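In: Take this sequence and fold it.
(one chain, ligands or ions: 2)
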Amino acid sequence: RVLRGRPRDLAGRKVVISAGGTREPIDPVRYIGNRSSGLQGYALARTAVARGAEVTVVAANVALPDPAGATVVRVESTAELRDAVLTAAPGADVVVMAAAVADFRPAVRHDSKIKKTDGEPEAIALVKNPDVLAELGQSRGARGPYPEVIVGFAAETDDVLANGQAKLARKGCDLLVVNEVGPGLAFGTPDNAAVVLVAGGEPVEVPRGPKEDVADVVWDLVASRLA
Ligand code: CTP
Ligand code: CA
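Out: Ligands and ions are numbered 1, 2, ... in the order given. Modelled structure (predicted):
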């Protein structure tokens, strides 16, 4: 897909985009992961480059070609992703958290491979991970520099819009892209359908289409908030 005919409305803007899904180590060979492919985050990166932005992608376990013209920082775990995002965020105008970030991680990372034993396996105890998006939202209460526009993503089931509105408020972000997950939707597919919730504004529906469509709606809304 050739990206042309886009406004250069992000020229001179620095954007940071997290993409993919984190992996939380259990031992040297195993992890707890998720199904995020990085396709939506990379579509955001390509479209932001096309619209003139200086783009840094924090890529968590993404097996896709690097988006041309973007700087890619590779990470695995939530701790690494958090470091990379919080390092890049203060100089950025916009941060988009498109990555699927693990809510929990194993309390212990074993140095040696866990071996099969005769008895039943031990349970894996989990502890909570930091919420990077919420931290970014809270950073705006302090003295700058902090990103002017913060965008979150949420995959929801059940009461999709009500859950999304509550999450937008809780995380203190400007925009929240809400995907309904279900059969043939979102994960690993080139297409997406979404509703973009806007703090202090009306939601914008994006009909099912290429992930670039969702990305362009996000950048339209971001550009109008930066203006
Ligand atoms: N997120 C984050 N750090 C986490 C978990 C999530 O920065 N530890 C970000 C995601 O990148 C996404 C947004 O928060 O942009 C929403 O993620 P989601 O999993 O939908 O929200 P949670 O607050 O974790 O709520 P829950 O999973 O219980 O629905
Ligand atoms: Ca979560």
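
In: model confidence over the longest helix seen in the chain, on average?
Out: If you go by DSSP state H, the chain has its longest helix at helix 211-226. Averaging pLDDT along helix 211-226 gives 96.

In: which residues sit against it?
Out: By Cβ atoms under 8 Å, 6 or more residues apart in numbering, the residues outside helix 211-226 that reach it are 1, 3, 6-7, 9-10, 13, 39-40, 43-44, 46-48, 51, 93-94, 96, 148-149, 151, 174-175, 177, 190-192, 194, 196, 198, 204, 206-207. To be clear about C-beta, it is placed using only N, CA and C from the backbone, and glycine gets the same treatment.

In: all strands in this protein, in order from the N-terminus.
Out: Using DSSP state E, the strands found in the chain span residues 14-20, 24-27, 30-32, 54-60, 71-75, 94-97, 104-106, 126-128, 149-156, 175-180, 191-198, 204-210.

In: picking that back up, would you indicate which residues of the longest helix of the chain are buried?
Out: For helix 211-226, burial by neighbour count (16 or more other Cβ atoms under 10 Å) applies to 211-219, 221-223, 225.

In: Now render the residues you listed as CSV, adding distance to residue 75.
Out: Formatted as CSV, the buried residues of helix 211-226 follow (distance: Cβ to Cβ, whole Å):
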residue, distance to residue 75
211, 21
212, 24
213, 27
214, 23
215, 21
216, 26
217, 27
218, 22
219, 24
221, 27
222, 23
223, 28
225, 27
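
In: so who does the most centrally placed residue in the chain touch?
Out: Taking Cα atoms, centre = their mean, the centroid of the chain lies closest to residue 98, which sits 1.7 Å from it. Residue 98 makes contact with 17, 18, 19, 40, 41, 44, 153, 177, according to Cβ under 8 Å, 6+ apart.

In: List the beta-bridge partners for the last one.
Out: When assigned by DSSP bridges, residue 177 has beta-bridge partners residue 153, residue 196.

In: quick one on the thing from earlier: roughly how far does the residue nearest to the centre of the chain sit from residue 129?
Out: From residue 98 across to residue 129, the span is 17 Å (Cβ to Cβ, to the nearest Å).
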